[in-house]
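Trainee: The amino acid sequence is not available; the structure is as follows:
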């Protein structure tokens, strides 16, 4: 078990190298991924939903189920785990409790998104996002109320698909304004949009490589050259196991 995962993640981010890793969903997938040598692992929400309750990523997992899975995974690995915390499971006060629960689980950080309840996978149709100001409050609460200031708060917006690309960028900038450590613009739909993310964002950005999703597939080196600071491949372990 990694005793101070948030600090370890910040040390990785400080190197200037791309911090990257696959999505894992249980103990064995995490152990296998760690053995390959990835610097971080990512607890995928879709994979957690599929493995724990046998359901698609449609907001059916609870905060308790997600936190328990994250705690178990971090307990069996020696690299930082970044966890999907969905929309924070309620209003601003719920977001605060969600942050504290994930902190107690020992993970390095989480991402909080601007979807409304019930949420769904970021690469599915039919998403709904909350008002921009409410999202800013969610991120501000997560940043201000975390106990460990090294705990990494990643602000994710799904506004690209629901509203437009410019609105998504504006939400990322709002998140940085209130102290988000990393921005996460979900599901850009072209190579041009991916390049624009880094050019227009004022802080470090994460790119999500969802296999078969709306975002064009890129290699690790291509993502690094574009200027992203973090990248995750959420479905790689789940899809491999399913095909096998």
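Mentor: Good, I have the coordinates. If you're wondering where the values come from, they're calculated on a predicted model, not measured in any experiment.

Trainee: My guess is residue 220 contacts residue 21. True?
Mentor: No: with the criterion set as Cβ atoms under 8 Å, residue 220 and residue 21 do not qualify as a contacting pair; they are 10.3 Å apart. For glycine as for every other residue, the C-beta is placed from the backbone atoms N, C-alpha and C.

Trainee: Could you check which of these two is surrounded by more residues?
Mentor: For residue 220 against residue 21, the residue with the higher neighbour count under other Cβ atoms under 10 Å is residue 21, and the figures read 23 against 13.

Trainee: name the element residue 173 belongs to?
Mentor: Secondary structure here is read from DSSP states H and E; on that basis residue 173 sits in helix 165-177.

Trainee: what packs against the helix or strand following that helix?
Mentor: Past helix 165-177, further along toward the C-terminus, the next helix or strand under DSSP H and E is strand 182-185. Using 3 or more Cβ pairs under 8 Å, 6 or more residues apart in numbering; DSSP states H and E as the contact definition, the elements that strand 182-185 packs against are strand 109-113, strand 152-157, helix 165-177, strand 205-208.

Trainee: ok, and for strand 182-185, which residues are buried?
Mentor: Of the residues in strand 182-185, those with enough neighbours to count as buried (16 or more other Cβ atoms under 10 Å) are 182-185.

Trainee: Could I get the contacting residues of residue 235?
Mentor: Contacts for residue 235 (Cβ atoms under 8 Å, 6 or more residues apart in numbering) come out as 23, 44, 46-47, 210-212.

Trainee: Narrow those to those that are buried.
Mentor: Among the contacts of residue 235, those classed as buried by neighbour count (16+ other Cβ under 10 Å) are 23, 44, 46-47, 210.

Trainee: circling back to that earlier point, adding mean neighbour count, mean pLDDT and distance to residue 3 as columns, could you present the helices and strands packed on strand 182-185 in TSV?
Mentor: Shown next, in TSV, are the helices and strands packed on strand 182-185 (neighbours: other Cβ atoms under 10 Å; pLDDT from 0 to 100; distance: least, Cβ to Cβ, whole Å):
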stretch	mean neighbour count	mean pLDDT	distance to residue 3
strand 109-113	27	98	15
strand 152-157	27	98	16
helix 165-177	20	98	29
strand 205-208	24	98	24
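
Trainee: Residue 216: which of the ones you listed is closest?
Mentor: strand 205-208 (10.6 Å; Cβ to Cβ).

Trainee: helices or strands up against that closest one?
Mentor: Secondary structure elements in contact with strand 205-208, counted by 3+ Cβ pairs under 8 Å, 6+ apart, are strand 182-185, helix 191-200, strand 230-233.

Trainee: Out of those, flag the one nearest residue 239.
Mentor: Closest of those to residue 239 is strand 230-233, at 9.7 Å (criterion: Cβ to Cβ).

Trainee: residues in contact with the closest one?
Mentor: 13, 18-23, 40, 42, 82, 154, 182, 204-209, 211, 220, 223.

Trainee: That strand pairs with which strands?
Mentor: The pairing partners recorded for strand 230-233 under DSSP bridges are strand 19-24 (parallel), strand 205-208 (parallel).

Trainee: tell me the angle the helix or strand harbouring residue 64 makes with strand 109-113.
Mentor: Residue 64 belongs to helix 63-75 when elements are defined using DSSP H and E. Between the axis of helix 63-75 and that of strand 109-113 there is an angle of 150 degrees, by axes from the mean of the first three to the mean of the last three Cα atoms, to 10 degrees.

Trainee: Next secondary structure element downstream of helix 63-75?
Mentor: Heading C-terminal from helix 63-75, the first helix or strand you meet, by DSSP H and E, is strand 81-84.

Trainee: got the contact list for that next one?
Mentor: Contacts of strand 81-84 with the rest of the structure, by Cβ under 8 Å, 6+ apart, involve 5, 9, 21, 30, 40-45, 48, 66, 70, 73-74, 102, 105, 107-111, 152, 154, 230, 232.
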